[in-house]
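**Student:** One predicted model, sequence on top.
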Amino acid sequence: MSKIEYLDNLKYFVLKCDRCSLHKTKNNYVFGEGSLNSKIMFIGEAPGKNEDIYGKPFVGRAGKIFDDCLVSIGLDRNDIYISNILKCRPPKNRNPLKKEIKSCSEYIDKQIDIIKPNLIIPLGRISISYIFNKFKFPFQKINRIHGKIYSKNNLKIIPIYHPAAVIYNNKLKEILFEDFKIIEKFI
């Protein structure tokens, strides 16, 4: 099967998912999107309000910041693949629960296996924690590890702040753009 067939098959299962209670409160599943041949994969934690409405990742204010960061290094969404650990929005944008992450983790793991990126960019504490655990890196506070390069075989991982963090703390904007400059070295 081709990548698109594998992803379509996986999406079929996501659209029928009832592994946790989030499927009862969501408007749309947010599967992920982008270039299936991208060597760069961005992974967020969960859909927010706007993502839940439109069924696409990173479309709200954080999505605008994310797009600006991509443009700053000469990329757009057609050049990358982007998804979230959770495919459904937690109510009131609360942090995902461990049991929700566990219920949904198989989907992001399979997306990683299908896309086969050379570079994974986990966005924010929850995504970083998940990816670091998956690839057996010790997790530390994000202010200590953001923008650093971690390697596992042929895979590079660069944890960065979630673009939504800039909405709540404008001082992080410069840091986020600097971290994207590190990513630029790998494109």
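**Tutor:** Thanks, I have it.

**Student:** Poorly predicted segments of the protein, please.
**Tutor:** Applying pLDDT under 70 to the chain flags no residue at all.

**Student:** What are the boundaries of the helices in it?
**Tutor:** For the chain, helices defined by DSSP state H occupy the ranges 3-15, 22-25, 49-54, 61-72, 98-115, 125-134, 142-145, 163-168, 172-184.

**Student:** distance of the residue nearest the centre of the chain from residue 16?
**Tutor:** With distances taken as Cα atoms, centre = their mean, residue 43 lies nearest the centre of the chain, 1.5 Å away. Note on residue 43: its distance to residue 16, by Cβ to Cβ, to the nearest Å, is 22 Å. Where you see a C-beta, it was placed from the backbone N, CA and C, and this is true even at glycine.

**Student:** How about residue 30?
**Tutor:** Distance of residue 30 to residue 16, given as Cβ to Cβ: 15 Å.

**Student:** neighbour count winner among these two?
**Tutor:** More neighbours surround residue 30 than the other of residue 30 and residue 16, with 27 against 9 (other Cβ atoms under 10 Å).

**Student:** who's in contact with that one?
**Tutor:** Residues counted as contacts of residue 30 (Cβ atoms under 8 Å, 6 or more residues apart in numbering) are 47, 51-52, 55-57, 84, 87-89.

**Student:** at 7 Å instead, please
**Tutor:** Listed by Cβ atoms under 7 Å, 6 or more residues apart in numbering, the contact set of residue 30 reads 47, 51-52, 55-57, 84, 87.
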